[in-house]
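Novice: Structure, please.
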Amino acid sequence: MEQMALLFVLLLGAVVSVPLGERLRLPAPVLMTVLGIVLALLEFVPNVEIPPELILPALLPPLLYAAVQRTSWRQFAANKRPIFLLAVALVFVTATAVAAVANAVLPGVPLAAAVALGALVAPPDPVAATAVAGQLGLPRRLVSILEGEGLFNDVTAIVLYNVAIAAAVSGTFSLRDAALDLVLSAVVALVLGLALGWGANKVMTLLDDSTLQVGLTLLVPYASYILAEELHGSGVLAVLVTALYLAEFGVDPDDVMTRLTSSAFWGVLDTLITGVAFGLIGLELHNALDTASGRWGQVLGWAGAVAGVVILVRLLWLLPATWLTRRLHARRDYDEDIPTTWRETVVVWWSGMRGVASVALALAIPLEMDNGSPFPNRDEIIFIAFGVVMTTLVLQGLTLPWLVRTLDVRRDTEAEKKFEKELAVRAAKAARRRLRELERDEGLPEEMTEQLLRRALEMGVRISPDMAEEERREAHGKRMQRAQWSRRMHGEMLSAARHEILAARSEPGADPEIVDRVLRHLDVRSMR
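Specialist: Numbering: from 1, shown residues only. Alright, predicted model coming up:
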């Protein structure tokens, strides 16, 4: 019962942290981590009793799926080189540097265990990065870089982690077998992810109900992750492939209800799971305090050294990597998102916060080796991982808004307006083309055609008022005022109707199902 009460507090905190973070101009994940730390310091709050092996399967699939909905496959394909440099190459470089430092400063730690530590602290958290970037109004190209890195670096880190743990537990390591496992893991994930994406898309076409379709989207990421792991593939990569497939091919332009329902559902779920995940990170302070008891100076020194390496390696990698990418970009005119100034590079560097995956992988380290002896330095590795996560999440998360304001890194609103205007023009032209086809095929009256042509233009102007000349813009403004007045009156009428129907629900003999059906009709009318 105490665990349920703790979960309720975290869920409540997840909801409250969003408006509080907006008011304080601080990232909600960072506030939830601080809440978890506060709860961990209270003596009456119980320890979290979640099996470590369930943390990643329970939290990562929906978080990854929700993150993919905000991007597209085309964006990943266009940015494959920056994503490779950050999500693959930088993970290996960071893991190698951390393993070297840990092997030097941590007494008696085997090299394989040190590599496991490097792998689990190497990947920045995709949820923290995108949540922070979204709230700070960073340029879209930087958000794309952070999203791409955060979504794919877990694949590299988890595969490297599994190889290192297997070597530490068994006491043997084969580079050939490790490379083969890496390739097979990726192939299994790709095939399974595409198959599940295709199958889920077919099933959705058979489900003629938005509630069922959205419910299926909740099951699909879990199915991808669990099946891939059972078949010795990468669960993270399988979820990404499935989600990207559905985002690309599972969209029906005319299914408005499912799209709106799905957006609302995943918005709520993403907020709650993100809050719980980062709250759990803070609550792990309980176990960290137990590990450090009696030797605070020593373990804090280890954690500080590894955290310093993680932060410094990212900067030392980003500076030449972004310089080289900009040179190639200018020479060959690549269409990709890259930092264009040193200020943007510094923001990308300081956005490398660790989070859920690092803590979950640390807790998932086995207790024993194959020979029955305890896993070497397990408690110390967990404490170091927790220290790195706390340093990056709290220190970088709390100071990143200040850094962004100081360096004046802002999104290009003029470019966004220009692109919005282009889309508005395309939408209006598509509507007019379809009207001409209907006029030719069905012989519409001339006055109706003129009226619909005006509506096509207004459709684009409503999206982007800049697409109309000044005179039309003024006329459109007046029409919009009349339309707003009309909508308000219509809204008042629909509100009165809804109140009347809801009152009928409490009357004797009223069938709630029929009342709800009529109410749903009124709600749909209101939404339109």
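Novice: Quick check: mean pLDDT of stretch 47-57?
Specialist: Mean per-residue pLDDT for stretch 47-57: 73.
Novice: now swap in stretch 200-218 and tell me
Specialist: Per-residue pLDDT values across stretch 200-218 average out to 85.
Novice: what's the answer for stretch 322-333, then?
Specialist: 65.
Novice: And the helices in the stretch 201-350 of the chain?
Specialist: 210-230, 235-249, 256-283, 285-292, 296-332, 342-350 (DSSP state H, counting those that start in this stretch).
Novice: Any chance of those in CSV with mean neighbour count and distance to residue 484 as columns?
Specialist: For every residue, glycine as well, the C-beta is placed using N, CA and C. Conversion of those to CSV gives the following (neighbours: other Cβ atoms under 10 Å; distance: least, Cβ to Cβ, whole Å):
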stretch, mean neighbour count, distance to residue 484
helix 210-230, 19, 28
helix 235-249, 25, 34
helix 256-283, 20, 21
helix 285-292, 17, 52
helix 296-332, 16, 45
helix 342-350, 19, 39
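Novice: Reformat those as JSON lines; add distance to residue 505.
Specialist: Shown next, in JSON lines, are these (distance: least, Cβ to Cβ, whole Å):
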{"stretch": "helix 210-230", "distance to residue 505": "20"}
{"stretch": "helix 235-249", "distance to residue 505": "37"}
{"stretch": "helix 256-283", "distance to residue 505": "22"}
{"stretch": "helix 285-292", "distance to residue 505": "48"}
{"stretch": "helix 296-332", "distance to residue 505": "57"}
{"stretch": "helix 342-350", "distance to residue 505": "53"}
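Novice: among those helices, which gets the worst mean confidence?
Specialist: Among those, helix 285-292 carries the lowest mean pLDDT, at a mean of 69.
Novice: Domains in the protein, by residue range?
Specialist: Domain segmentation of the chain under automatic domain parsing yields 2-183+260-411, 412-468.
Novice: wait, which of those domains is closest to residue 243?
Specialist: Minimum separation from residue 243 across those (Cβ to Cβ) falls at domain 2-183+260-411, 3.7 Å.
Novice: so which of the helices of the stretch 201-350 of the chain gets nearest residue 18?
Specialist: Ranking those by proximity to residue 18 (Cβ to Cβ) places helix 256-283 first, at 6.2 Å.
Novice: when you compare where that closest one runs with where helix 210-230 runs, what's the angle?
Specialist: Comparing the axes of helix 256-283 and helix 210-230 via axes from the mean of the first three to the mean of the last three Cα atoms, to 10 degrees yields an angle of 50 degrees.
Novice: Would you mind pulling up the elements that helix 256-283 packs against?
Specialist: helix 2-24, helix 28-41, helix 52-68, helix 126-136, helix 210-230, helix 356-363, helix 378-390 (3 or more Cβ pairs under 8 Å, 6 or more residues apart in numbering; DSSP states H and E).
Novice: 10 Å instead, please
Specialist: helix 2-24, helix 28-41, helix 52-68, helix 126-136, helix 210-230, helix 356-363, helix 378-390, helix 512-527 (3 or more Cβ pairs under 10 Å, 6 or more residues apart in numbering; DSSP states H and E).
Novice: how many other residues sit next to the closest residue to residue 346 other than its chain neighbours?
Specialist: Nearest non-adjacent residue to residue 346, counting by Cβ to Cβ, 6 or more residues apart in numbering: residue 407, 6.4 Å away. A total of 15 residues lie near residue 407 under the criterion other Cβ atoms under 10 Å.
Novice: Also residue 195?
Specialist: 16.
Novice: give the contact list for it.
Specialist: 224, 227, 238, 241, 242, 245 (Cβ atoms under 10 Å, 6 or more residues apart in numbering).
Novice: do residue 357 as well
Specialist: 55-56, 59-60, 63, 120-127, 150, 153-154, 157-158, 161, 236, 277, 389.
Novice: Likewise for residue 24?
Specialist: Per Cβ under 10 Å, 6+ apart, neighbours of residue 24: 17, 30, 31, 398, 401.
Novice: what's the closest non-adjacent residue to the fourth one?
Specialist: For residue 398, ignoring the flanking residues on the chain, the nearest one in space by Cβ to Cβ, 6+ apart is residue 30 at 6.0 Å.
Novice: contacting residues for the one you found?
Specialist: 17, 21, 24, 128, 131-132, 278, 282, 353, 393-398, 400-401.
Novice: do you know how far it is from residue 59?
Specialist: Plainly put, residue 30 is 17 Å away from residue 59 if you go by Cβ to Cβ, to the nearest Å.
Novice: do the same with residue 285
Specialist: 18 Å.
Novice: How about residue 178?
Specialist: 27 Å.
Novice: quick one, which of these two is more surrounded?
Specialist: The neighbour comparison of residue 178 against residue 59 (other Cβ under 10 Å) goes to residue 59, with 20 against 17.
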